[in-house]
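Participant: Sequence first, then the predicted structure:
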Amino acid sequence: MRNLSVGLLLLGGAAQAETVRIAALGDSLIAGYGLTPETGFVPQLQAWLDEAGADVIVINAGVSGDTTAGGLSRVAWMLTPEVDAMIVMLGANDYLRAIDPNLAEENLQGVINVGAEAGVEMLLIGMEVGSNYGPEYKAAFDAMYPRLAEGNDIALFGNWFQGLRDVTANQSEFTQYLQGDGLHPTAEGVGLIVDAMGPAVLDLIASVEK
């Protein structure tokens, strides 16, 4: 009986420690554009979480060039029953194409709705865009992320590039962490992004009920 009790306790412990699977839905920033396979966002985030002791697998669901509409079109089949949580990082290409922020917000709301229906925990990653299309466009675009997070009661990491903002004082310093296109982070830049975002992902993992 003692051996049986120990065995049941071990089984119970194994069940409690079941691996959390996170799908990272996004564009080239998630996909790791311009970087080697081991230096992209998902591999670096996985390494950071492993070092933090998290029992987690991060799935790269990034597609270069994807918009919020593209993410909405594929999120349902991406969220297989094995997925427990989702990171949503979309909108950069909507901005680059001057897509109406209202339409981008509708698409992101659709993504969130699909995630809610699938019963996954979510972390929304925000963007702070430039003023190329005027201050009203920028204000509308920047505001959609906190509005969506609050309205849907999901976690928000306010700015994808926060890790670079934290260590730079001006644009010249900031661009040293970007690739030649001025849009995508270098491997070192990704490391800084992951360092800043990692604690929010740990909170996401903790929110998953296994």
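Facilitator: Structure's in. What do you need?
Participant: pLDDT below threshold where in the chain?
Facilitator: 1-17, 210 (pLDDT under 70).
Participant: show me where it has helices.
Facilitator: 2-16, 28-31, 41-51, 68-78, 92-96, 101-118, 135-152, 162-167, 171-175, 187-207 (DSSP state H).
Participant: Does anything pack onto the second one? Which helices or strands?
Facilitator: Right, the one you point to is helix 28-31. helix 41-51, strand 56-62, strand 85-89 (3 or more CB pairs under 8 Å, 6 or more residues apart in numbering; DSSP states H and E). Any C-beta I mention is one placed from the backbone N, CA and C, and that applies to glycine too.
Participant: what do you get if the cut-off is 7 Å, keeping everything else the same?
Facilitator: Contacting helix 28-31 under the criterion 3 or more CB pairs under 7 Å, 6 or more residues apart in numbering; DSSP states H and E are the following elements: helix 41-51, strand 56-62.
Participant: And for the fourth one?
Facilitator: On a contact count with 3+ CB pairs under 7 Å, 6+ apart, helix 68-78 meets strand 20-26, helix 101-118.
Participant: For the one residue sitting closest to the centre of the chain, which residues are in contact?
Facilitator: Nearest residue to the geometric centre of the chain (CA atoms, centre = their mean): Ile87, 3.5 Å. Listed by CB atoms under 7 Å, 6 or more residues apart in numbering, the contact set of Ile87 reads 22, 24-25, 123, 125.
Participant: can you do 10 Å?
Facilitator: The contact partners of Ile87, taken as CB atoms under 10 Å, 6 or more residues apart in numbering, are 22-26, 30, 41-42, 45, 58-59, 61-62, 121-125, 155, 157, 197, 200-201, 204.
Participant: Just want to check the distance between it and Gly115.
Facilitator: 10 Å (CB to CB, to the nearest Å).
Participant: overlap in contacts of those two?
Facilitator: 23, 25, 121-122, 124.
Participant: Output the residues you listed in TSV, with distance to Gly182 and neighbour count appended to each entry.
Facilitator: TSV is the format used below for the shared contacts of Ile87 and Gly115 (distance: CB to CB, whole Å; neighbours: other CB atoms under 10 Å):
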residue	distance to Gly182	neighbour count
Ala23	28	25
Leu25	24	29
Glu121	34	21
Met122	30	23
Leu124	25	25
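Participant: can you put those residues in JSON lines and add distance to Gly71?
Facilitator: Written out in JSON lines, the entries for these read as follows (distance: CB to CB, whole Å):
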{"residue": "Ala23", "distance to Gly71": "11"}
{"residue": "Leu25", "distance to Gly71": "6"}
{"residue": "Glu121", "distance to Gly71": "17"}
{"residue": "Met122", "distance to Gly71": "13"}
{"residue": "Leu124", "distance to Gly71": "12"}
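Participant: No further queries at this time; thank you.
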